[in-house]
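# pasting the sequence and the predicted coordinates here, then a few questions.
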Amino acid sequence: MFKKIIDAISGLFSNLFGGGKKKPQSGTDTSLPNTEIPQDGSEIRPDTIVIVADEMEKVVILPGEADAGFDEDIFDEDKGGKEEPIVIAPDPPKPDPKPEPATPPQPQPAPEPKGRYLWCLDNGHGKQTPGKRSPLFDDGQTRLFEYELNRDIVARIKKQLDEKGVQYFITVPEVDIDDFLEGRVNRANAKKSNLPKIFVSIHSNAAPARSSESWAPDSISGIETWHFHGSKTGQKIASIFQKHLINETSWVNRHLKSRPDGQFYVLRKTNMSAVLTENGFYNNKAQAADLMKPAVRQKIADAHVKAILEIEQNGLESA
């Protein structure tokens, strides 16, 4: 009995004074372990507050304008302080043409990378990630695995970017791996680049269902793109990807989404502008069947490439 009284008093003081834990920053759930914060749209609870925006909404980004594109505490552990917010870098000036040398040419340094940005392509999840798969189809043997879908789409994107000469970095080329959540973000953050970086995480969605082996209602389908809440740059990037994804697939438009609290780890911990695309629902039976088709996967890849090329051509600053 005496121990219960002591425990009750201790619990009261813990609730009143926070038990000595660091107070989370506004707009983030940093008090929760990463495993308790949803990683993508498939883990969002129905009662979660989600902000929906129309991809046709005009987002004006002024040249050199600062933008809050990630959590302010992202650098606290390794640098002991806060970084400046993201600033979309203007195009580097073109070098003046040089006259032909009169002497035999000397070895030249490696050329500067072409393009505006380095695209960090994140093929969400791995073979060891639990769940993230469709129920069995009618044959009792076939199912769609999200990790395989994501990697196939990234491979199709990679092929086209190689042809176009666009710079990219694949965060997780490994297959036999779990979520590797912090690792994939750390790799993108640590990647050296003379170009500003943009992070694109590619996923497929899941809707609430009775069990992992039950198909979700046919009425829940389509495509949505997530961005860091409050980031104008993130919203503009997301709007371009969403526009092309809907144009290519003609699927239901679920628009742009963001969360004021508990934002996805890959959006709040990447020290660059970041978006996350949710390409159909792998537990919607009709849509999962479509996602098994190479032609549909190619359309999704083509949409991502068209978005990348539009941003490469036009940049993100508003004229």
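Perfect, thanks for sending it. Just so we're clear, the structure is a prediction, and the values are computed from it rather than from any experiment.
# where does the stretch 101-250 of the chain have low pLDDT?
Across the stretch 101-250 of the chain, the ranges flagged by pLDDT under 70 are 101-113.
# now do the helices in it.
Listed from the start of the chain, the stretch 101-250 of the chain has helices (DSSP state H, counting those that start in this stretch) covering 146-164, 181-190, 232-249.
# which of those sits closest to Tyr282?
Comparing the helices of the stretch 101-250 of the chain by their distance to Tyr282 (C-beta to C-beta), the top pick is helix 146-164, with 5.6 Å. Heads up, the C-betas are built off the backbone N, CA and C, glycines and all.
# got the contact list for that closest one?
Applying C-beta atoms under 8 Å, 6 or more residues apart in numbering, the contact partners of helix 146-164 are 119, 121, 123-127, 129, 132-133, 167-168, 170, 175, 202-204, 279, 282, 291, 297-298, 300-302, 304-305, 308-309.
# from these, keep the buried residues only.
Those of the contacts of helix 146-164 that meet the buried threshold are 119, 121, 123-126, 129, 132-133, 167-168, 170, 202-204, 279, 282, 291, 297, 300-302, 304-305, 308, by 16 or more other C-beta atoms under 10 Å.
# closest one to Val52 among the helices of the stretch 101-250 of the chain?
Nearest of the helices of the stretch 101-250 of the chain to Val52, taken as C-beta to C-beta: helix 232-249 at 11.3 Å.
# pull out the buried positions in that closest one.
Going by neighbour count (16+ other C-beta under 10 Å), the buried part of helix 232-249 is 232-246, 248-249.
# now stretch 209-229 - C-alpha only, PDB.
Taking C-alpha atoms only, stretch 209-229 is exported to PDB below (Å, rounded to 0.1, in the frame of the first residue of the first chain):
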ATOM      1  CA  ALA A 209      -9.000  -2.600 -43.600                       C
ATOM      2  CA  ARG A 210     -10.300  -5.400 -41.300                       C
ATOM      3  CA  SER A 211      -6.900  -7.100 -41.300                       C
ATOM      4  CA  SER A 212      -3.600  -7.200 -43.400                       C
ATOM      5  CA  GLU A 213      -5.200 -10.000 -45.400                       C
ATOM      6  CA  SER A 214      -8.400  -8.100 -46.100                       C
ATOM      7  CA  TRP A 215      -8.900  -5.800 -49.100                       C
ATOM      8  CA  ALA A 216      -9.800  -2.200 -48.300                       C
ATOM      9  CA  PRO A 217     -13.000  -0.600 -49.700                       C
ATOM     10  CA  ASP A 218     -13.000   0.000 -53.400                       C
ATOM     11  CA  SER A 219     -13.900   3.600 -52.800                       C
ATOM     12  CA  ILE A 220     -10.500   4.400 -51.300                       C
ATOM     13  CA  SER A 221      -8.000   4.900 -54.100                       C
ATOM     14  CA  GLY A 222      -5.800   7.500 -55.900                       C
ATOM     15  CA  ILE A 223      -2.600   9.500 -55.500                       C
ATOM     16  CA  GLU A 224      -1.500  12.100 -53.000                       C
ATOM     17  CA  THR A 225       1.800  13.900 -52.400                       C
ATOM     18  CA  TRP A 226       3.100  15.000 -49.000                       C
ATOM     19  CA  HIS A 227       5.400  17.900 -48.100                       C
ATOM     20  CA  PHE A 228       6.800  19.400 -45.000                       C
ATOM     21  CA  HIS A 229       4.100  21.400 -43.300                       C
END
